[in-house]
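In: Show me how the following folds:
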Amino acid sequence: MAVPAHDERDFEFARKYSLPIIGVVEPPDAEQAGPVSRGELCFVGEGRAINSGSFDGLPTLEFKEKITDWLQGRGRGAKAVNYKLRDWLFSRQRYWGEPFPILHADDGRVMGLSADELPLELPHVQDYKPTGTGEPPLANAVDWVNVTLPDGTKARRETNTMPQWAGSCWYYLRYLDPENDSRFCEPEKEKYWMPVDLYIGGAEHAVLHLLYSRFWHKFLYDLGCVSTREPFKKLVNQGMILGEDGQKMSKSRGNVINPDKVVAHYGADSMRLYEMFMGPLEAIKPWSMQGVEGVYRFLQRAWRMVVDEQSGQLDQAVQEDEADEQTLRLLHRTVKKVGEDIETFGFNTAISAMMIFVNHLGRQPVRPKSVVEKFVLILAPFAPHIAEELWDKLGHSESLAWEPWPQYDSELIKEQEIELAVQVNGKIKTRIVVPADTDEEQIKDRALGAEKVAAAMGGRTPRKVIVVKSRLVNIVV
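Out: Got it, this is the predicted structure:
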């Protein structure tokens, strides 16, 4: 950088070869300023310009702007922003990976393959080990590597390969038109589907895969291959799942959970449901087999609520009856809660609401079929396999995937009664329960008439009675 007073490597180089070290940035600390100006100390922070002519005294950030404008005004430089993309070992010396469709001719030319020569596939080889010469393993496939061009010139294929994640940088575009054998995606389909509405991935994903996806997408946009500047509209980073010991899962620690074993013992629905029930999506959470057992028991209760264990047929309690008001209100609140929680990724609280509903309905001697059906529909996104089975037991021949999401009645989700704390001079003395549509004056009368409130007031007249609807009554005496 040629600033030995303000770059550590330059400073060491200048000291070793006795080069002059002239400070151009004065540290804010007066004690540091002396050694820096004498070339005895390297200062790499921000301060004020010195030994810089008319720019002396300017703070570092302002000086950078001024000197850039000064150089640009005299045609000696230009302001620019440079971006640097980390090369995550894109050229790899191994057999596995996508081969580069590039030819190196003996006369020095470097050429890409023509369209009819693509895709370039790896050759079948017997030995994947390194060559021992420093060349990649592909160099062993001599017949594949060495080619003759149409003009008779000899050429060699590139023997490095791309990493396994190269294709994942743009896979979301291939999903749009996977059967197309002439281009990665038809423009009409790309315009219809892109950009991706929601991307859910881990925080570690964001540093590598997401970065490269955006880079590749912007490159394709510049080429006119895609219609959007950005590939993803919204990103949600899910939290990491830790081992049962609270540490990051690792084979060396022996705390890795094999999902296949969990599925084999508890079923795929339990595995899926527990991952959503563990806690907020963005939070880091430790795994717990006891937790898996808990959601497994919930699914068993949901099954027994609908199906008779002895016969395997629809339970006799499931009937074509009208639901009582309490059940109907709880159903509509649950539908509302689950629907809204799905939209905000609050899957754990949605599952909690369904557990409360199953506990209630499972105790009822009669379970209205219409109520059970609505519950099965909201369970389906969380436990699709058991929900399909229950849907079938309820007498439906078509998959529930084609059913609309249940709607809730806004009148039925309203509270019938509300509980209010009653304070006297800021201290809670009692609680009262009133109909939800009670007006303020009636609430004041009920609060003032409460026995404990009267005792606390001691015959005094209240100066003020404040009603905070649905929460409390505060009486000031």
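In: Now do whichever strand or helix holds residue 331: which elements does it pack against?
Out: Using DSSP states H and E, residue 331 sits within helix 325-343. Where contact means 3 or more Cβ pairs under 8 Å, 6 or more residues apart in numbering; DSSP states H and E, helix 325-343 is packed against helix 347-361, helix 369-379. Heads up, the C-betas are built off the backbone N, CA and C, glycines and all.
In: What residues sit buried inside whatever helix or strand residue 236 lives in?
Out: Per DSSP H and E: residue 236 is located in strand 235-238. Buried positions in strand 235-238, judged by neighbour count with 16 or more other Cβ atoms under 10 Å: 237-238.
In: who's in contact with it?
Out: 198-203, 205-206, 210, 281-282, 345 (Cβ atoms under 8 Å, 6 or more residues apart in numbering).
In: Kindly recompute the last result at 6 Å.
Out: 199-200, 202-203, 281 (Cβ atoms under 6 Å, 6 or more residues apart in numbering).
In: low-scoring stretches of the stretch 201-350 of the chain, by residue?
Out: Scanning the stretch 201-350 of the chain for pLDDT under 70 picks out the ranges 206-207.
In: where along it do the helices fall?
Out: 203-207, 209-222, 259-266, 268-277, 289-306, 325-343, 347-361 (DSSP state H, counting those that start in this stretch).
In: and the last one, what other elements does it pack with?
Out: What it means is helix 347-361. Judged by 3 or more Cβ pairs under 6 Å, 6 or more residues apart in numbering; DSSP states H and E, helix 347-361 is in contact with helix 268-277, helix 289-306, helix 325-343.
In: tell me which residues form a beta bridge with the nearest residue to residue 232 once chain neighbours are set aside?
Out: Distances taken as Cβ to Cβ, 6 or more residues apart in numbering put residue 199 closest to residue 232, at 4.2 Å, once the chain neighbours are dropped. Beta bridges link residue 199 to residue 235, judged by DSSP bridges.
In: unless I'm mixing things up, residue 199 is touching residue 233, no?
Out: No: counting by Cβ atoms under 6 Å, residue 199 stays clear of residue 233, with 8.2 Å between them.
In: more neighbours, the two?
Out: residue 199 (19 against 12; other Cβ atoms under 10 Å).
In: Please report how far the more buried one lies from residue 280.
Out: 18 Å (Cβ to Cβ, to the nearest Å).
In: same check, this time on residue 39
Out: 55 Å.
In: So those two - more neighbours on which side?
Out: Neighbour count, other Cβ under 10 Å: between residue 39 and residue 280, residue 39 has more, with 17 against 14.
In: Not counting residues beside it along the chain, what's closest to that one?
Out: residue 21 (3.4 Å).
In: contact partners of stretch 356-371?
Out: 301-302, 305, 317-321, 323, 330-331, 334.
In: any idea which of the residues you listed is closest to residue 53?
Out: residue 334 (74.2 Å; Cβ to Cβ).
In: just checking, the closest one touches residue 351?
Out: No: using Cβ under 6 Å, residue 334 makes no contact with residue 351, being 11.0 Å away.
In: and those two? which has more neighbours close in?
Out: The residue with more neighbours, out of residue 334 and residue 351, is residue 334; 25 against 21, by other Cβ under 10 Å.
In: So which residues of the stretch 1-150 of the chain form helices?
Out: Under DSSP H, counting those that start in this stretch, the stretch 1-150 of the chain gives helices at 8-16, 30-37, 60-73, 142-145.
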